[in-house]
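S.K.: A predicted structure for the sequence below; I have some questions about it.
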Amino acid sequence: MGLEGKHGTSTVSASAADGRVVVEVDCNGKILSTWFAPEARELSPAALGDAVTCAARAAASRAAHASGVAMLTLTQLTVRDRTAITEYTYEMSKLVEEYGGEILAVSNGNGECVEGAWRTSTLANPDTVILLRWPHSAAFHEFYQSTSYAPLAVRRRRAADSHILLFDDI
């Protein structure tokens, strides 16, 4: 995936959920090319159309956000192994900075739910909440899909149940 500037001509691609269709769009969301895996021939015309539409929308969304809209990620971890999560957070924070991200907050089980039904935690499984800012969604996706982050993601998944939300920073 390329990075887009507000007036850039770089491209971005995205695939349908099953990976059989990849669509490349420009920074304005115009479809430039479409690639189909050999097994995509098994799809019905309607399913193939849905896959192209899904991939094009995902790519267009990434292109729009890569054009300068800052993004936030909110990660909630229900921790099973506090030591492993502490190590993960330290290593992840260095990598986040390499990809242009910024750590805004890390709460290690000391948050207070003042309204609604936030996922509950226990002393045995405290929640950790991590808030990060990214210059654009492409920076987050490059970080999240990088070979550098992959082993950290495995460690995180072993040590905690995770929920990660990516949204616009207004």
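M.R.: Yes, it's here. Every value quoted in this text rests on a predicted model; they were computed, and no experiment measured them.
S.K.: For the protein, just list every one of the helices.
M.R.: Counting by DSSP state H, the chain has these helices, from start to end: 45-66, 82-98, 137-144, 150-159.
S.K.: From the contact count, pick out the helices and strands touching the last one.
M.R.: What it means is helix 150-159. Applying 3 or more C-beta pairs under 8 Å, 6 or more residues apart in numbering; DSSP states H and E, we find helix 150-159 packed against strand 71-79, helix 82-98. (Each C-beta comes from the backbone N, C-alpha and C, glycine too.)
S.K.: follow-up on the earlier one: mean neighbour count added to the helices of the chain, as a markdown table?
M.R.: Listed next are those as a markdown table, based on neighbours: other C-beta atoms under 10 Å:
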| stretch | mean neighbour count |
| --- | --- |
| helix 45-66 | 18 |
| helix 82-98 | 15 |
| helix 137-144 | 20 |
| helix 150-159 | 14 |
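S.K.: and of these, who's closest to Trp35?
M.R.: When those are compared by C-beta to C-beta, helix 45-66 sits nearest Trp35, at 9.5 Å.
S.K.: now that closest one: mean pLDDT?
M.R.: Mean per-residue pLDDT for helix 45-66: 66.
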